[in-house]
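Novice: following is a predicted model, sequence given first.
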Amino acid sequence: MTTTPPPGQPSWAGVPSQRAHPKSNLALLLGIGSMFGSCLGGLPGLLGIVAVLLGLRAIREIDADPATWTGRESAVAGMITGVIGTVLAVAALGFLAVLLSLRLT
């Protein structure tokens, strides 16, 4: 048994479905990972640069075809967390460099 929409309502057949852009989700995942990675010594925190670049690309593709893609918010959140993770990673690496230089002298 199939259900049909009530009279006057649009049919669901032929309506393109929107999907979350995979790069936006990946940007968010890498951004969050870079924030945690920066706490582990800095180097994994540099994944934030990749998160920012993926987020930018995802936003461009979402804006170019908004009927197909969703996930702009995830891409922006990925970019923000990526920037935060990168800044924390640079700070952690700088702190480690200072500690090593003090230890060597």
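Specialist: Alright, I've got the coordinates. Numbering: from 1, shown residues only.

Novice: what ranges do the helices span in this protein?
Specialist: For the chain, the helices defined by DSSP state H cover 22-38, 47-64, 72-104.

Novice: need the winner for burial among these.
Specialist: For the helices of the chain, average neighbour numbers computed from mean count of other Cβ atoms under 10 Å are highest in helix 22-38, which has a mean of 22. Heads up, the C-betas are built off the backbone N, CA and C, glycines and all.

Novice: which residues touch that helix?
Specialist: Residues outside helix 22-38 that contact it (Cβ atoms under 8 Å, 6 or more residues apart in numbering): 43-48, 50-52, 54-55, 57-59, 61-62, 71-72, 74-75, 77-82, 84-86, 88-89, 91-92.

Novice: output it as PDB, nothing but the C-alphas.
Specialist: Taking C-alpha atoms only, helix 22-38 is exported to PDB below (Å, rounded to 0.1, in the frame of the first residue of the first chain):
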ATOM      1  CA  PRO A  22      31.100  15.000   3.200                       C
ATOM      2  CA  LYS A  23      33.900  17.600   3.300                       C
ATOM      3  CA  SER A  24      32.000  19.600   5.900                       C
ATOM      4  CA  ASN A  25      31.800  16.700   8.200                       C
ATOM      5  CA  LEU A  26      35.400  15.800   7.600                       C
ATOM      6  CA  ALA A  27      36.500  19.400   8.300                       C
ATOM      7  CA  LEU A  28      34.600  19.400  11.600                       C
ATOM      8  CA  LEU A  29      36.100  16.000  12.600                       C
ATOM      9  CA  LEU A  30      39.600  17.200  11.800                       C
ATOM     10  CA  GLY A  31      39.100  20.500  13.500                       C
ATOM     11  CA  ILE A  32      38.000  18.800  16.700                       C
ATOM     12  CA  GLY A  33      40.800  16.400  16.400                       C
ATOM     13  CA  SER A  34      43.300  19.200  16.000                       C
ATOM     14  CA  MET A  35      42.100  20.800  19.200                       C
ATOM     15  CA  PHE A  36      42.600  17.500  21.100                       C
ATOM     16  CA  GLY A  37      45.800  16.800  19.200                       C
ATOM     17  CA  SER A  38      47.400  20.100  20.200                       C
END
